[in-house]
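Enquirer: 3D, please:
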Amino acid sequence: MNEEDREWFNGIYPYLKMLVKINYKLDELVKYDNDKTIIEHKADIFFDLSSELIRLLPFKLDYDENNEIITGITLLKKDGILLLKNHFDEIENDYKEIIDKYFVDLVQIIKIRNKYIHEPHNIQCDCFVFGRDHAYAGFKYKEENYELSTDSLVEIVDQLNNSFKKLEKKFKLKVNDLPIIDRNHPYINNVIRLFSELK
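Expert: Numbers count the residues shown, from 1 in each chain. Modelled structure (predicted):
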């Protein structure tokens with residue numbers, strides 16, 4: 001394997017681990033009933049999930065000249081998995097599609113997560129609802145209210161899974177090009193196992 005291929009072949013692992021963790025955290029959020037006794041637990045799960053999501057989907061919020069009003073989202077093309085975009089033609093487009101389609105939801109996710117990181121004592125989760133007419137998560141920060149569509153959260157993760165399935169095909173093709181003796185390397189088996197855990 002040449003050095004250029006080795007970069008993405010080995011580089012994909014931490015991002016795949018992040019996505020698998022996101023999937024597990026999302027499953028934990030969805031499976032619980034909306035009982036007040038577990039809202040705090042759900043909030044902790046959400047904060048873990050959102051932190052991993054922002055690591056996996058690198059973007060920043062754009063502000064107006066007074067640094068007060070959010071005007072857009074910019075994909076950080078020199079961060080995270082996008083450093084490997086030369087090896088994955090489709091990933092930049094897939095990520096751009098996600099931030100364009102889920103602009104409002106991603107703004108809410110990053111706002112909620114930032115408040116939790118900097119002032120965890122001032123932000124509370126009021127509600128997590130999945131699979132009903134109005135599926136949402138509600139958070140209160142001092143006198144401000146934040147609401148996030150939980151349907152959108154599920155869709156964002158689904159789109160990330162679909163994007164990584166494209167990477168899985170490329171990974172398996174590269175494995176098939178390796179000498180037979182190398183195809184059962186523990187790293188390869190581990191990566192293939194992680195891919196199998198995606199939805």
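
Enquirer: As a check, name the ranges of all helices in the chain.
Expert: For the chain, the helices defined by DSSP state H cover 3-31, 39-56, 89-101, 103-118, 150-177, 186-196.

Enquirer: the bottom helix or strand of this protein by mean pLDDT?
Expert: The helix or strand of the chain with the poorest confidence is strand 123-128; it has a mean of 82 (mean pLDDT, DSSP states H and E).

Enquirer: What pairs with that one, parallel or antiparallel?
Expert: Taking DSSP bridges as the criterion, strand 123-128 forms sheet pairs with strand 136-141 (antiparallel).

Enquirer: got the buried residues for the partner strand?
Expert: By 16 or more other CB atoms under 10 Å, the buried positions in strand 136-141 come out as Y136, A137, F139, Y141. The way it works is simple: take the backbone N, C-alpha and C, and place the C-beta from them, glycine included.

Enquirer: next one: it to chain centre, how far?
Expert: Here the centre of strand 136-141 is set off from its chain's centre by 19 Å, with CA atoms, centre = their mean, to the nearest Å.

Enquirer: ok so, going back, would CSV of the helices of the chain with distance to C125, mean pLDDT and mean neighbour count be doable?
Expert: Compiled in CSV, these are given as follows (distance: least, CB to CB, whole Å; pLDDT from 0 to 100; neighbours: other CB atoms under 10 Å):
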stretch, distance to C125, mean pLDDT, mean neighbour count
helix 3-31, 11, 89, 16
helix 39-56, 4, 88, 19
helix 89-101, 24, 93, 16
helix 103-118, 9, 91, 18
helix 150-177, 12, 93, 17
helix 186-196, 29, 94, 14
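
Enquirer: which stretch among those comes nearest I81?
Expert: Closest to I81 of the helices of the chain, according to CB to CB: helix 3-31, at 4.4 Å.

Enquirer: That closest one vs helix 186-196, what angle?
Expert: Helix 3-31 and helix 186-196 are oriented at 40 degrees to each other (axes from the mean of the first three to the mean of the last three CA atoms, to 10 degrees).

Enquirer: which other helices and strands contact helix 3-31?
Expert: Helices and strands touching helix 3-31, as assessed by 3 or more CB pairs under 8 Å, 6 or more residues apart in numbering; DSSP states H and E, comprise helix 39-56, helix 150-177, helix 186-196.
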